[in-house]
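Undergrad: What follows is a predicted protein model with its sequence.
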Amino acid sequence: MITGGLRSKIDNVWDAFWSGGISNPLEVMEQITYLLFMKGLDEIQTLEERKANRLGKPIERVIFPEGNDTKDRPYADMRWSVFKDRAPAEMYDIVAEHVFPFLRQMGEKGTSHAEHMKGARFTIPTPALLAKVVDMLSDIPMEDRDTKGDLYEYMLSKIASAGANGQFRTPRHIIQLMIELMAPTPKDTICDPAAGTGGFLVASGEYLRENHSELFRDAAQREHFHHGMFHGYDFDNTMLRIGSMNMQLHGIDGGDIRYKDSLAEEHAGDEDAYSLILANPPFAGSLDYEATSKDLLKIVKTKKTELLFMALFLKLLKPGGRAAVIVPDGVLFGSSKAHKELRRMIVEDHKLDAIIKLPSGVFKPYAGVSTAIVIFQKTNSGGTENVWFYDLQADGYSLDDKRQLLLAADKLGVKPAEALAGDEHAKNNLPDVLTRWNERTGEELNRAFTEQSFCVPKDDIAKAAYDLSITRYKEVVHQAVEHRPPQEIIAELKALEVDLAKGLNELEAML
């Protein structure tokens, strides 16, 4: 977790940008991203140099070559450790006229994440602001991967809190819940077709580091982790650059983050390619048939983006692959032919595992829409027997626009540092979701439909026209009426009769 001191330093950097004339939070984030990228490249080169000196061998990975660039500036001057000590005017010239052209050309050399730097633009307006920000960032420790990741998460939260591009940010604890439920393995190939800032991909990487650290001792698995496991699409170039940098700061060197309009482009090459999909796509209503990918329309004939994304997930998953995705509630109970057919397909042709109803305030203050997590497997041969439902009512935060903590920090999240007491469950259901999920083929089968979680047989779902809303099956517990002696009730009624007669007499006297 980011410390108060480090948070204060980032706040100061942020304030410097605002007072320096850059008021768009996304632009601030992007410019900080570039500067951190420059700092990171210098650190990589320094590590390579130390390694080469220690082993007495040539440097394996040269980022800043010897010699000069096309404008006769030594590449060595473009290193963070060098230009940070130059006068503001010279520093500004180096960064604007030499470093950024260098970054935009790096893609040709195959440097990880460099493809997205081809569109990089330097928009810091003055040498004084650049010098101030570089000085501040130089004072921030970046050696530790966890610190880098927490730092970046904090900056992403500042974008959201400023009210800009909050739609790109799924709450971190909801992402972690979905990751824990799916439990990625070193053999998985993971995709988020609406990657945004890369939150699901980054969290998957962190899960693997914590639960499968042995993979880094195996050359093939380590190579897969860095260059074959993580894939993300987005059609916003700024998000691609920010998401790519987010992954690098979390220690994923070569994630495949691509420009792609997931619903409009065909998916040759990506069909049946992924073993795990994690996503919270933007649901923006309807698309034109003409603008919609034809291979998705073959799965479900509709203009509704929420249904098209579900079709996309089925298209991208390999047989046996699994998905945990967030959908608006309308997907679960919509009455159109396309809605029903899609639900029938997932239940009958594949394997629907779970529906987890989320509280409607979980995405506030940006949206109050009701949503659910849908978990399924692509089988092409059915397999649904029982569908596990969970009514998640509390996530540890208030469900209003303020989203204030309801518990101490060590009692938040899916795996709190301290076990929750009985009454604390009412404020944070996440640990209970994971516990009951792991019992979905055991004790959960015996739970009544009046409880917070329960299983519904496939036949019952089919009889309900494949309605997947939890309210369709959940039964409300009616409180028993307190038993009272008849004499007591009669006495109370007589007293009411007296009061009523008295009131009528008073009313007649007034008239």
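TA: Perfect, I can see it now. Numbers count the residues shown, from 1 in each chain.

Undergrad: The strand or helix carrying M91 packs against which elements?
TA: Following DSSP states H and E, one finds M91 within helix 88-94. Packing partners of helix 88-94 (3 or more CB pairs under 8 Å, 6 or more residues apart in numbering; DSSP states H and E): helix 80-83, helix 127-138. No exception for glycine: its C-beta is placed from N, CA and C like everyone else's.

Undergrad: lowest-pLDDT helix or strand in the protein?
TA: Among the helical and strand segments of the chain, the one scoring lowest on mean pLDDT, DSSP states H and E is helix 145-161, with a mean of 66.

Undergrad: Distance check, the closest residue in space to D272 that isn't next to it in sequence against T379.
TA: Of all residues not flanking D272 in the chain, K318 sits nearest, at 4.5 Å (CB to CB, 6 or more residues apart in numbering). Separation of K318 from T379 (CB to CB, to the nearest Å): 11 Å.

Undergrad: And for R258?
TA: Using CB to CB, we find R258 at a distance of 27 Å from T379.

Undergrad: And L434, by the same measure?
TA: Distance check for L434 against T379: by CB to CB, it reads 24 Å.

Undergrad: got it, and L103?
TA: Going from L103 to T379 by CB to CB gives 45 Å.

Undergrad: So which of these two has more stuff around it?
TA: L103 (22 against 16; other CB atoms under 10 Å).

Undergrad: Helix, strand, or coil at the more buried one?
TA: State at L103, reduced to three classes by DSSP: H, G, I helix; E, B strand; the rest coil: helix.

Undergrad: show me the contacts for the closest residue to it other than its chain neighbours.
TA: Using CB to CB, 6+ apart and skipping the chain neighbours, the partner closest in space to L103 is M117 (4.5 Å). Contacts for M117 were tallied using CB atoms under 8 Å, 6 or more residues apart in numbering; they are Y34, F37, L103, R104, M106, G107, R241.

Undergrad: which ones are touching F313?
TA: Neighbouring residues of F313 by CB under 8 Å, 6+ apart: P193, I277, A279, A323, V325.

Undergrad: One more: R209?
TA: When contacts are counted by CB under 8 Å, 6+ apart, R209 touches G251.

Undergrad: Check which helix or strand it maps to.
TA: helix 199-211.

Undergrad: what's the answer for V325, then?
TA: Using DSSP H and E, V325 maps to strand 317-328.

Undergrad: helices or strands next to that strand in the packing?
TA: By 3+ CB pairs under 8 Å, 6+ apart, strand 317-328 packs against helix 172-182, strand 274-279, helix 305-316, strand 371-377.

Undergrad: From F200, how far out is I346?
TA: For I346, the distance to F200 - CB to CB - is 20 Å.

Undergrad: More neighbours: which of those two?
TA: Counted by other CB under 10 Å, I346 and F200 do not tie: F200 has more neighbours, with 29 against 24.

Undergrad: what's the spacing between that one and I277?
TA: 9 Å.

Undergrad: intersection of neighbour lists for these two?
TA: Jointly contacting F200 and I277 under the rule CB under 8 Å, 6+ apart are I190, D192.

Undergrad: residues in contact with S381?
TA: Shown in contact with S381 (CB under 8 Å, 6+ apart): D349.

Undergrad: right, I mislabeled it, should have said S262
TA: P193, A194, Y233, F235, P281, F309, L312.

Undergrad: any chance of these in CSV, plus secondary structure and distance to A367?
TA: Listed next are these as CSV, based on DSSP: H, G, I helix; E, B strand; the rest coil; distance: CB to CB, whole Å:
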residue, secondary structure, distance to A367
P193, coil, 20
A194, coil, 15
Y233, strand, 22
F235, coil, 20
P281, coil, 13
F309, helix, 16
L312, helix, 21
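
Undergrad: how near is the nearest residue to N237 once chain neighbours are set aside to G21?
TA: Leaving aside its sequence neighbours, N237 sits nearest to G119 (CB to CB, 6+ apart; 5.2 Å). From G119 across to G21, the span is 22 Å (CB to CB).

Undergrad: next one: E210
TA: As judged by CB to CB, E210 and G21 stand 42 Å apart.

Undergrad: and what of G382?
TA: Distance from G382 to G21, by CB to CB: 60 Å.

Undergrad: And N386, by the same measure?
TA: To G21, N386 is 59 Å away according to CB to CB.

Undergrad: same question, P193
TA: Separation of P193 from G21 (CB to CB) stands at 36 Å.

Undergrad: Those two - which one has more neighbours?
TA: Neighbours were counted for P193 and for G21 using other CB under 10 Å; P193 has more, 24 against 11.

Undergrad: Would you list the phi and psi of the nearest residue to the more buried one once chain neighbours are set aside?
TA: In this structure, P193 finds its nearest non-sequential neighbour in S262, 4.3 Å apart by CB to CB, 6+ apart. Dihedral angles of S262 (phi, psi; degrees, to the nearest 10) stand at phi -60, psi -30.
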